[in-house]
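Participant: what would the 3D arrangement of this be:
(2 chains)
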Amino acid sequence: MAEFSTSIINKGDVSVINLSGYLDAHTAPTLEDNFTDLIDQNKFKIVVNFNDLAYISSAGLGVFMAYIEKIRNNNGDIKLTNMNDKVFNIFDLLGFPLLYEIFKTDEEAVTKFNESSGVGSK
Amino acid sequence: MRVVELAVNKKNISELIVKSRTENLSLIRDFVSNKASAAGLSKEDIENIMLSVDEACTNIIKHAYNSYPDGEIVINLEFNSEKISISIIDHGSTFNPDTVPDPDLQKYYKNGRVGGLGMYLMKTLMDDVKYISVPGEYNKVLLSKKINVA
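Facilitator: As a prediction, this is how the structure comes out:
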């Protein structure tokens, strides 16, 4: 049985979801619950770290699509980090890099959030 | 679950029969990965085939069986020195692949819903994808990929 798990840590007002294992049609609801919980708590600045993700299918990709508009409508974003070549390739085939910012590290993504909120508050 | 293996005329044939449940996707991927490794495919090819079969089976579970958990999915994998072929059969509702449009990310963005991504991935990652439907009897997806010996 392939496993999938997530853990969430806060970096300032940014929530970082760490993905681990296999993200498919069976495990996608776990990640959906994470997004729903964060949105319920009005946490719209979300970084998703792919470092320990071994596999993603289109059911997993669909999760990112399901919440992105609501999150951006609330001045938030989903930024993606630490993606290996294999996972990036699947994102790329489907044109996702046009819609999502992808960073090498969580720090870069968090910095980007902080810069944008600085601009927004002026 | 049932696994059958045969070696006929230098062709290697394996069969996996599972119920239409998403919890079986990992079992399906392991089956494909193990068999495709024996075919001498590159790691990248194996991963692409594994993903394509996952996508085909996910579509069967969600659409052909409409998440009914006790439908049967029969996966046949065979290879020779040139080609690996996988057929996936279900007895769920008939489906016309021509009605599935290519993915439109802008539309998904607006609707928050995706569709057709799996089929697009299959077509992109495999050399050939065919659908055969006999209404009331079965649907069959045929996937194949040439084996490039390095």
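
Participant: what does chain A put close to chain B?
Facilitator: By CB under 8 Å from any CB of the partner chain, the residues of chain A that approach chain B are A:1-2, A:22, A:24-26, A:55, A:57-59, A:61-62, A:65-70, A:86, A:90, A:93-96, A:98-99. No exception for glycine: its C-beta is placed from N, CA and C like everyone else's.

Participant: out of those, which are buried?
Facilitator: By neighbour count, with 16 or more other CB atoms under 10 Å in any protein chain shown, those hold A:2, A:22, A:24-26, A:55, A:57-59, A:61-62, A:65-68, A:86, A:90, A:94, A:96, A:99 as buried.

Participant: max-length strand in chain A?
Facilitator: In chain A, taking DSSP state E as the definition, the longest strand is strand A:45-56.

Participant: which strands and helices sit next to the following helix or strand past it?
Facilitator: Moving toward the C-terminus from strand A:45-56, the next helix or strand (DSSP states H and E) is helix A:58-73. Packing contacts for helix A:58-73, counted by 3 or more CB pairs under 8 Å, 6 or more residues apart in numbering or on different chains; DSSP states H and E, involve strand A:14-23, helix A:28-40, strand A:77-81, helix B:43-59, helix B:105-111, helix B:117-125.

Participant: with distance to residue A:46 and mean pLDDT added, can I get those in CSV?
Facilitator: Output for the helices and strands packed on helix A:58-73, formatted as CSV (distance: least, CB to CB, whole Å; pLDDT from 0 to 100):
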stretch, distance to residue A:46, mean pLDDT
strand A:14-23, 5, 98
helix A:28-40, 6, 98
strand A:77-81, 5, 98
helix B:43-59, 25, 97
helix B:105-111, 16, 75
helix B:117-125, 21, 94
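
Participant: quick test: name the residue nearest the centre of chain B.
Facilitator: Nearest residue to the geometric centre of chain B (CA atoms, centre = their mean): residue B:53, 2.8 Å.

Participant: in this structure that residue contacts residue B:32, no?
Facilitator: Yes: at 4.9 Å, residue B:53 and residue B:32 qualify as touching, with contact defined as CB atoms under 8 Å.

Participant: which neighbours do these two share?
Facilitator: Listed contacts common to residue B:53 and residue B:32 are B:75, B:86; contacts here mean CB atoms under 8 Å, 6 or more residues apart in numbering or on different chains.

Participant: sketch out the low-pLDDT regions of chain B for me.
Facilitator: Applying pLDDT under 70 to chain B flags residues B:6-10, B:112, B:149-150.

Participant: close to chain A: what parts of it are there?
Facilitator: Selection of chain B residues close to chain A by CB under 8 Å from any CB yields B:22-23, B:25-27, B:29, B:44, B:47, B:51, B:54-55, B:58, B:61-62, B:103, B:105, B:108-110, B:112-114, B:117-118, B:120-121, B:124-125.

Participant: mark which of those are buried, thanks.
Facilitator: B:22, B:25-27, B:29, B:47, B:51, B:54-55, B:58, B:61-62, B:103, B:108-109, B:114, B:117-118, B:120-121, B:125.

Participant: related to what we said a few turns ago, distance check, the residue nearest to the centre of chain B against residue B:18.
Facilitator: The spacing between residue B:53 and residue B:18, counted by CB to CB, to the nearest Å, is 12 Å.

Participant: what do the two both touch?
Facilitator: Common contact partners of residue B:53 and residue B:18 (CB under 8 Å, 6+ apart): B:28, B:75.

Participant: leaving out the residues flanking it, which one is nearest to residue 20?
Facilitator: You didn't say which chain, so I picked chain A. Using CB to CB, 6 or more residues apart in numbering or on different chains and skipping residues adjacent in sequence, the residue nearest residue A:20 is residue A:52, 3.9 Å away.

Participant: hm, I was asking about chain B
Facilitator: residue B:71 (3.7 Å).

Participant: count the residues that sit near the one you found.
Facilitator: Residues near residue B:71, counting by other CB atoms under 10 Å in any protein chain shown, number 18.

Participant: how much space between it and residue A:87?
Facilitator: Taking CB to CB, one finds residue B:71 at 30 Å from residue A:87.

Participant: please apply the same query to residue B:28.
Facilitator: Where residue A:87 is concerned, residue B:28 sits at a distance of 20 Å (CB to CB).

Participant: who are the packing partners of the strand or helix carrying residue B:130?
Facilitator: In this assignment (DSSP H and E), residue B:130 forms part of strand B:128-134. Contact analysis of strand B:128-134 by 3+ CB pairs under 8 Å, 6+ apart lists helix B:117-125, strand B:138-146 as its packing neighbours.

Participant: perfect, that will be all.
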